[in-house]
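Trainee: here you go, sequence then predicted model.
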Amino acid sequence: MITVKEANTKALLNDYVKFPFSLYKNHPFWVPPLISDELETFDKTKNPAFTSAEAYFYLAYKEDKIVGRVAAIINWDEVNQQQKKKVRFGWWDVIDDIEVTKALLEKVYELGHKNQLEYVEGPMGFSNLDKVGVLTEGFDELGSMITWYNFPYYKEHLEQLGYVKEKEYLENKFPFSNVKPEFFYKAQELIKKRYELRPLNFNNTKDIMPYVDEMFDLFNRSYANLSSFVAITDIQKEYFKKKYISFINPEYIKFVVDKNDKIVAFSIVMPSFSEALKKANGKLFPLGFYHLLKAKKQSKEVLFYLIGVDPEYQSKGVTAIIFNEYYNTFKEKGIQNCIRTPELVDNHAIHNLWKHFNPETFRRRRTYRTNL
C-alpha cells in the first residue's frame with residue numbers, strides 16, 4: 001500500500017531533500033545538490049519565490065519506506081499576469097513504480113482543482129532560474145549543479161499516464177579548441193565603433209554589485225518573449241544577488257555597455273562544480289567547501305549559465321564582443337570544454353549564436369503536461 005504524506009516539518013523536509021541520495025546512491029552520473037542549499041530553497045522564510053508562489057512538498061511511502069517525492073507549485077504571477085492556469089510539479093524523484101508516481105501526482109492535481117486551474121506542467125521549479133525538465137537523452141553524461149538527473153523510466157511513467165510533451169530543451173557542448181577568434185574578432189571591433197559600445201570585465205565581486213539590478217532588468221527584457229518566461233521580481237533580485245553573484249568567479253561575468261554606461265548585453269559563466277559536488281556528497285563540511293573552492297579556481301570546464309541582449313541590440317552582433325572577452329579569459333585559464341545550459345529547442349536566436357563553434361547536443365530534456 002502506498003501512502004503520501006506532506007513534508008511539513010523540519011524532519012520531514014530533511015527526509016524529502018535526502019531521498020535522492022538513497023535513490024541514486026553511487027550512481028556515476030547523478031550530481032548531488034548541497035543539502036543546506038536545498039533546504040533553504042524550500043524554506044518559506046528565506047526563499048523570496050514564496051512571495052509570488054505557493055508550494056507543498058510530498059513524500060510517498062511503501063511499507064514505511066520512502067519511495068518517492070514531489071513538489072506541487074503554483075506561480076501566481078504566471079497565473080494572474082499571464083493567464084496561464086497552470087499548476088507545476090517539480091523536485092520529482094521516484095522508484096520505478098508507476099503507482100507511486102500516480103499517488104504523488106494526485107496531490108498536484110488536488111492543488112490544481114482547489115484553485116480552478118486547467119492543466120499541469122513539469123517538472124519545473126518556481127521560476128526560470130530553477131532546474132527544469134525530465135531528462136530524455138544523455139543518461140550516460142555527468143549531470144550539473146543546475147540540472148536534474150533522472151532514470152529513463154521517469155519519461156515512461158509520464159507518457160503511460162497520458163502526459164504529452166510541452167517544451168523541449170537542448171544541452172550542447174563544444175571543446176574550447178573549436179573556438180576560432182577570426183569568426184568574431186573583426187566583427188566585434190566594428191560593432192564597438194558603430195554603436196559606441198565597450199566591454200566591462202571584472203576582477204572583484206564588489207565591482208560587479210552596482211550593476212546587478214540593471215542586469216536582472218535586462219534579463220527580464222531579453223527573455224520576455226519566450227513562452228515559459230516569468231519575470232524575476234525585485235525581491236528575487238536581492239536574493240539571487242546575495243546567494244549567487246558572490247559565488248561566481250568575477251572574471252566570468254561580462255557586460256557590454258553603451259556610451260552612457262547602460263548595459264546592453266551580459267553573460268554569466270560558471271566553472272563546472274559537478275565533480276566537486278560528487279565529492280562533497282551534499283555536505284559543505286568537513287571537506288565539501290574545499291572541493292568547491294578548488295573547482296572554482298581550477299576547473300577546466302565551464303557552463304554558460306545566462307546570456308542576455310537588450311531587444312534593441314539583438315540583431316546587431318553584440319555577442320561577438322562577449323565571445324571575444326571570454327576567449328581571452330578562457331585562453332588565459334586553460335579552459336578545455338564549454339557547456340551550454342538547457343535552452344528551448346525553439347529558441348533559434350540563441351542556437352544561432354553558437355553555430356561557428358560546432359556544438360554537439362549531448363542531452364535533451366522535456367517538460368510534460370496534462371489537462372486537469
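Mentor: Arrived safely, thanks for sending. Numbering: from 1, shown residues only.

Trainee: pLDDT on the helix or strand hosting residue 80, on average?
Mentor: Assigned by DSSP states H and E, residue 80 belongs to helix 76-81. The pLDDT scores in helix 76-81 average 93.

Trainee: from the chain's centre, how far out does that helix sit?
Mentor: Computed by C-alpha atoms, centre = their mean, to the nearest Å, the chain-centroid distance of helix 76-81 equals 21 Å.

Trainee: and the pLDDT for residue 211?
Mentor: 93.

Trainee: what helix or strand does it sit in?
Mentor: Residue-wise, residue 211 maps onto helix 205-223 under DSSP H and E.

Trainee: who are the packing partners of the helix or strand that that helix is followed by?
Mentor: Using DSSP H and E, the helix or strand that follows helix 205-223 in sequence is helix 234-243. Using 3 or more C-beta pairs under 8 Å, 6 or more residues apart in numbering; DSSP states H and E, the elements in contact with helix 234-243 are helix 205-223. For the C-beta atoms, the positions are set from N, CA and C on the backbone; glycine is no exception.

Trainee: how near is residue 99 to residue 68?
Mentor: 10 Å (C-beta to C-beta, to the nearest Å).

Trainee: and residue 215, how many neighbours does it have?
Mentor: Residues lying near residue 215 (other C-beta atoms under 10 Å) number 21.

Trainee: list the contacts for it?
Mentor: For residue 215, the contact set (C-beta atoms under 8 Å, 6 or more residues apart in numbering) comprises 255, 263, 266, 308.

Trainee: can you flag the buried ones in those residues?
Mentor: The neighbour-count test (16 or more other C-beta atoms under 10 Å) applied to the contacts of residue 215 identifies 255, 263, 266, 308 as buried.

Trainee: make sure residue 255 is indeed in a strand.
Mentor: Yes - under DSSP: H, G, I helix; E, B strand; the rest coil, residue 255 falls within a strand.

Trainee: neighbour count: residue 99 and residue 68, which is higher?
Mentor: Here residue 99 and residue 68 are set side by side on neighbour count (other C-beta under 10 Å), and the busier one is residue 68, at 24 against 15.

Trainee: mind checking the SS state of the more buried one?
Mentor: Applying three-state DSSP: residue 68 is strand.

Trainee: which residues does it bridge with?
Mentor: residue 60, residue 94 (DSSP bridges).

Trainee: so what pLDDT did it get?
Mentor: On the pLDDT scale, residue 68 gets 98.

Trainee: go ahead and confirm it touches residue 95.
Mentor: Yes - using C-beta atoms under 8 Å, residue 68 is in contact with residue 95, at 6.4 Å.

Trainee: run the chain-centre distance for stretch 200-217.
Mentor: 20 Å.

Trainee: okay, now the nearest residue to residue 224 once chain neighbours are set aside: neighbour count?
Mentor: Excluding the flanking residues, the one nearest residue 224 by C-beta to C-beta, 6 or more residues apart in numbering is residue 231, at 7.2 Å. As a burial measure, residue 231 scores 19 neighbours (other C-beta under 10 Å).

Trainee: which residues touch residue 231?
Mentor: With C-beta under 8 Å, 6+ apart, residue 231 has these contacts: 77, 220, 224.

Trainee: can you say which of the residues you listed are buried?
Mentor: Buried, going by 16+ other C-beta under 10 Å: 77, 220, out of those.

Trainee: distance to residue 248 added to the contacts of residue 231, as TSV?
Mentor: TSV is the format used below for these (distance: C-beta to C-beta, whole Å):
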residue	distance to residue 248
77	26
220	19
224	24
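
Trainee: that older thread, which one of the buried ones among the contacts of residue 215 sits closest to residue 103?
Mentor: Residue 103 lies nearest to residue 308 out of these, by C-beta to C-beta, at 40.3 Å.

Trainee: ok, that closest one touching residue 263?
Mentor: No - with contact defined as C-beta under 8 Å, residue 308 does not count as touching residue 263 (9.1 Å).

Trainee: find residues that contact each of the two.
Mentor: In contact with both residue 308 and residue 263: 215, 218, using C-beta under 8 Å, 6+ apart.

Trainee: tell me where the stretch 1-150 of the chain has helices.
Mentor: 10-23, 35-41, 76-81, 98-114 (DSSP state H, counting those that start in this stretch).

Trainee: ranking those helices by burial, who's on top?
Mentor: Sort these by mean neighbour count, taking mean count of other C-beta atoms under 10 Å, and helix 98-114 sits at the top with a mean of 18.

Trainee: which helices and strands sit right next to that one?
Mentor: strand 2-6, strand 53-62, strand 65-75, strand 86-94, strand 119-122, helix 153-160.

Trainee: follow-up on the earlier one: from the buried ones among the contacts of residue 215, which land in strands?
Mentor: 255, 263, 266, 308 (DSSP state E).

Trainee: assumed residue 297 was part of a helix.
Mentor: Yes - read with three-state DSSP, residue 297 is one of the residues of a helix.

Trainee: quick check: it vs residue 153, distance?
Mentor: Residue 297 is 38 Å from residue 153, by C-beta to C-beta.

Trainee: more neighbours, those two?
Mentor: residue 153 (15 against 10).

Trainee: just to check, that one is in contact with residue 93?
Mentor: No - using C-beta under 8 Å, residue 153 makes no contact with residue 93, being 11.5 Å away.
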